[in-house]
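Participant: Need a 3D model of the sequence below.
(chains A and B)
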Amino acid sequence: MKKKRIVGRFIVFITCLIFAVAFLLPTVLTVTNSFMTESEIESNYGQVFGTVRAGKTYIAEKVNLKFIPDKVSFSQYITVLLKSPDYLLKFWNSVILVVPITLLQLVIASVAAYGFTRWRGKIRAAIFFFYVILMLMPYQVTLVPNYIVSDFLGILYTRSAIILPGAFAPFSVFLLTKYMRRIPVSLIEAAKLDGASEFYIFFRVCLPQCRAALYSIALLVFIDYWNMVEQPLVLLKDETQQPLSVYLSSINAGEVGLAFAVATIYMVPTLLLFLHGEDYLVEGIAHQGSVKG
Amino acid sequence: MRGISVFEKARERRLENRRYKERLKEVKHRMKAGERFSYLMGRLRDFLMSIGFLGPSFLGVIVFFIAPFGVVVYYSLIKSSLDDEFVGLLNYQKLLENNTFLTACKNTATFSAVAVPLAVILALVLALLLEARIPMKSQFRTFFLSPMMVPVASVVLIWQVIFSENGVLNDFTAMFGADKIDWLKSDYAQLVVVVLFLWKNLGYNMILFMSALANIPTELLEVADVEGASPLYKFFAIKLRYLSPTVLFVTILSLINSFKVFREVYLLAGNYPYEALYTLQHFMNNTFRSLDYQKLSSAAVILAGVMVVIIAILFIVEDVFGKDVEG
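Facilitator: Presented below is the predicted three-dimensional model:
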């Protein structure tokens, strides 16, 4: 009996290991390949992308999916970070789009979520339902309204056209409301009996309870917008304003040699947030429960 | 046991709720004029407070989502941007006769219908696997989440390396004597995208299930163990009931994400991909480029309508299955 159980556990472990390797592979590949020289990458993947100028470089017969570079080199990083300021500029473009969106969305959403938690009624329930529907709308549906309203407000082709709708996106209102409703009502009522004002309750009683949720939602929102492609393509015209997420894809076409280094640099902020808050991520989304209000 | 206690708990709670409401009504009835006034003032203050908190967000939602959506509906009903003659449902009729639109609809529907259930079921299986007592559990969790970090563009790069005509997968299948195919331009194209979707989303879904599994009251499972229930019975009779709200949540989340996979497809295959990959999102983007507002608006309205129907169905499903295990 006991032996059987150990064998079972071993099988489960191996299955998980296989899955884990498959999941981890692209990430590892991106990072290790960023330490190859550009010519090594071009010779490895030249067959796929056809980037190599005829005759100049040796192209391997077959595509070479290699994890370990022939010679560890930082040449890609030197090119990206020092020689061409373009990449850093685009990186900065990403930062000044995504950071305001994340922060604004969290502030607006936590206030609104408190409103949804503290006062309930038929009208507010209807509004909340509306938020849920809105949250589920694919971006392609909200794209047209977005375009129209930016045009109307005169912010089309500026960063505000992306930041403002992002700040009011209902996604985090929904998640935070779900989380706040798990806070024991007695806690809020006790504060109220002690004469605390609503704002005091909000800041001192409610928000500290939501730290994990706030962090995990911030992470989700950040990742989502950090990788946005559609919005900037439509709402920004000026090439110099495009974030790196859009630019990164045009690198693929031209200079594959640099793509991995740029991608690795691009992963760094997410990675840091991730390592810092993985436990929050698990804890913060732990109590999602039902979808309805 | 066997879940009966859960039903009873829910019924008790419902009864208590009703009793509370009746009591409230009685109290209100007996209030004197002055008391009633202060009660009303309290309600008014609460109302103003809630507006204060909800206001900013709701205002933004109105300005950036609802009002412009009204404009979209309006656009879908007129002849053209210059000529605002009311044409009724003509634009919709034209759209529904448009073959590209129908292909796009079909492809999107097939993709979501395959990818979303797979994402839910496989994530649940992974979460259950990780419940077993095995080493390196938390590392596995991190590994499964790692695809969330990889930028879309590098995902696309790697997918091209693997699935293109000269790619790694073809080298591999060649060992078994298979012919080279360009996977993204074959009938397997959708499968490639499904794999990509799963790779990206399974980790997060799995985390949601893991935390839901951790919240199942252990006493219930222990009792089942004592009574000699099989693991299969424990799963279907106990765990699944407690997981049902999470299943719904994950389904909805995966549905949202299945619409986002367009990013990858667009970067993989461009604006006009192989037919099997031409989704609604391509249709919208391409129409947007040609600035055909009428086509675009009616497509957006139809898409929104379909989403509302799907959500309504999911909510009804939750009402039927989820109610008695909440809380």
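Participant: who's in contact with residue B:170?
Facilitator: B:178, B:180-181, B:183 (Cβ atoms under 8 Å, 6 or more residues apart in numbering or on different chains). All C-beta atoms are positioned from the backbone trio N, CA, C, and that covers glycine.
Participant: Go through these and give me the one with the most neighbours.
Facilitator: Top of the contacts of residue B:170 by neighbour number is residue B:183, holding 22 neighbours under the definition other Cβ atoms under 10 Å in any protein chain shown.
Participant: Now do the contacts for that residue.
Facilitator: In this structure, residue B:183 makes contact with B:163-164, B:167, B:169-170, B:189, B:192, judged by Cβ under 8 Å, 6+ apart.
Participant: mind checking pLDDT for it?
Facilitator: On pLDDT, residue B:183 comes in at 74.
Participant: ok, it to residue B:115 distance?
Facilitator: 17 Å (Cβ to Cβ, to the nearest Å).
Participant: do residue B:15 as well
Facilitator: On the measure of Cβ to Cβ, residue B:15 and residue B:115 end up 43 Å apart.
Participant: Any stretches of the stretch 1-150 of chain A with poor pLDDT?
Facilitator: Regions of the stretch 1-150 of chain A meeting the criterion pLDDT under 70 cover residues A:1-2, A:42-44, A:46-67.
Participant: For burial, what's the neighbour tally of residue 220?
Facilitator: The chain I'm using is chain A. 19.
Participant: that's the other chain; I wanted chain B
Facilitator: Neighbours of residue B:220 (other Cβ under 10 Å): 20.
Participant: If we ignore the residues flanking it in sequence, what's nearest it?
Facilitator: residue B:238 (5.7 Å; Cβ to Cβ, 6 or more residues apart in numbering or on different chains).
Participant: Show the contacting residues for the one you found.
Facilitator: B:3, B:216, B:220-221, B:224.
Participant: Give me the below-cutoff pLDDT ranges for chain B.
Facilitator: B:1-10, B:81, B:166, B:321-327.
Participant: count of residues packed around residue 154?
Facilitator: If you meant another chain, say so; for now it's chain A. Using other Cβ under 10 Å, residue A:154 has 10 neighbouring residues.
Participant: I was after chain B.
Facilitator: Residue B:154: 27 neighbours (other Cβ under 10 Å).
Participant: Need the contact partners of the helix or strand harbouring it.
Facilitator: Using DSSP states H and E, residue B:154 maps to helix B:152-163. If you take Cβ under 8 Å, 6+ apart as the criterion, helix B:152-163 is touched by A:26, A:29-30, A:45, A:48-49, A:63, A:65, A:227, A:229, A:245, A:248-249, A:251-252, A:256, A:259-260, A:263, A:266-267, B:147, B:167-169, B:183-184, B:192, B:196, B:200, B:263-264, B:267-268.
Participant: to the chain's geometric centre, what's the distance from it?
Facilitator: For helix B:152-163, the distance from its own C-alpha centre to the chain's C-alpha centre is 25 Å (Cα atoms, centre = their mean, to the nearest Å).
Participant: what's the answer for stretch A:137-144, then?
Facilitator: Between the centre of stretch A:137-144 and the centre of its chain there are 18 Å (Cα atoms, centre = their mean).
Participant: Compare neighbour counts for residue B:15 and residue B:115 and give me the winner.
Facilitator: Of the pair residue B:15 and residue B:115, residue B:115 is the one with more neighbours under other Cβ under 10 Å, namely 23 against 10.
Participant: OK, contacts around that one?
Facilitator: B:193-194, B:197-198, B:254, B:258, B:261.
Participant: now for those, which pair is the farthest apart?
Facilitator: Farthest-apart pair in these is B:193 and B:254; separation 14.0 Å (Cβ to Cβ).
Participant: So which of these two has more stuff around it?
Facilitator: Set residue B:193 next to residue B:254 and count neighbours by other Cβ under 10 Å: residue B:193 wins out with 28 against 23.
Participant: Next one: the more buried one from chain A, what distance?
Facilitator: Going from residue B:193 to chain A by Cβ to the nearest Cβ, to the nearest Å gives 15 Å.
Participant: any idea which element that residue lies in?
Facilitator: helix B:189-214.
Participant: list the buried ones in that helix?
Facilitator: Applying a neighbour-count criterion of 16 or more other Cβ atoms under 10 Å in any protein chain shown, one finds B:189-190, B:192-213 buried in helix B:189-214.
Participant: Just the CA atoms of the next helix or strand after that helix, as PDB, please.
Facilitator: Once helix B:189-214 ends, the next helix or strand along the chain (criterion: DSSP H and E) is helix B:218-226. What follows is helix B:218-226, C-alpha atoms only, in PDB (Å, rounded to 0.1, in the frame of the first residue of the first chain):
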ATOM      1  CA  THR B 218     -10.700  20.100   5.800                       C
ATOM      2  CA  GLU B 219     -13.200  18.600   8.300                       C
ATOM      3  CA  LEU B 220     -15.500  17.700   5.400                       C
ATOM      4  CA  LEU B 221     -12.700  15.900   3.600                       C
ATOM      5  CA  GLU B 222     -11.600  14.200   6.800                       C
ATOM      6  CA  VAL B 223     -15.100  12.900   7.400                       C
ATOM      7  CA  ALA B 224     -15.100  11.600   3.800                       C
ATOM      8  CA  ASP B 225     -11.800   9.900   4.500                       C
ATOM      9  CA  VAL B 226     -13.100   8.200   7.600                       C
END
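Participant: List the buried residues for helix B:218-226?
Facilitator: By neighbour count on 16+ other Cβ under 10 Å, the buried set for helix B:218-226 is B:220, B:224.
Participant: What count of nearby residues applies to residue B:230?
Facilitator: 10.
Participant: for chain A, which helix is longest?
Facilitator: Longest helix in chain A by number of residues, with DSSP state H as the criterion: helix A:85-118.
Participant: what's the offset of that one from the middle of its chain?
Facilitator: That offset, for helix A:85-118, works out to 11 Å (Cα atoms, centre = their mean).
Participant: Name the residues of that helix that come out as buried.
Facilitator: Here helix A:85-118 shows A:87, A:90-91, A:93-94, A:97-98, A:100-102, A:104-106, A:108-118 as buried, counting by 16+ other Cβ under 10 Å.
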